[in-house]
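Student: let's see this in three dimensions:
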Amino acid sequence: MKPIYLVAAIAALALAPAAHAEGIGAELNYGRADGHWGTEIGAGYAMGMGGFRLTPGGGVYLRDGDTKLYGRVEASYTLPASATIGAGVRFSGDNIRPYATLAMPLIPKLRAKANVGPKYYAVGLTLGY
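Tutor: Numbering: from 1, shown residues only. So this is what the prediction gives:
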């Protein structure tokens, strides 16, 4: 197991008892990762404290007729009745990509979302959390 995966898993487990679970969510994004355009289909589990949230998750990246698994961990803050801003790390194969994230509510439990980082960017929708 790579050290960064171990650190992310330990951080999630350490924060879980103190966190209030917000639940499961799903994402559908289109973007560029690992040098290719493709679609991310993923899910995560949000744990929140106040306006802060830690969301580990993962999914499948579909590109050029191929599939690749990815994992991610995001830390974010939601402004009351407004945008969610934060940072995350995406793991895919040997690539580890940090990114900034911004989500805007469309209707309750549905948000438009954008992720931007070095050699990784995506836009899409998040349902749940």
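Student: quick one, helices of the chain?
Tutor: Chain-ordered helices for the chain, with DSSP state H as the definition, fall at 3-15.
Student: I'd like the mean pLDDT over stretch 77-92, please.
Tutor: Confidence over stretch 77-92, taken as the mean pLDDT, stands at 93.
Student: going along the chain, name the strands of this structure.
Tutor: Listed in chain order, the strands found in the chain under DSSP state E are 20-33, 36-49, 52-63, 66-78, 84-92, 95-107, 110-117, 120-128.
Student: which residues does the second one contact?
Tutor: Outside strand 36-49, the residues that touch it by CB atoms under 8 Å, 6 or more residues apart in numbering are 12, 15-16, 18-33, 53-64, 70, 72, 74, 122, 124, 129. Quick note: C-beta positions are derived from backbone N, CA and C, even for glycine.
Student: try 7 Å
Tutor: Residues outside strand 36-49 that contact it (CB atoms under 7 Å, 6 or more residues apart in numbering): 15-16, 18-31, 53-64, 70, 122, 129.
Student: give me the buried subset of those residues.
Tutor: Under a neighbour-count criterion of 16 or more other CB atoms under 10 Å, the subset of these counted as buried comprises 19, 25, 27, 29, 31, 53-59, 61, 63, 70, 122, 129.
Student: for burial, what's the neighbour tally of the closest residue to Pro80 other than its chain neighbours?
Tutor: Ranked by CB to CB, 6 or more residues apart in numbering and with sequence neighbours excluded, the top spatial neighbour of Pro80 is Gly51, at 7.3 Å. Taking other CB atoms under 10 Å as the neighbour definition, Gly51 ends up with a count of 11.
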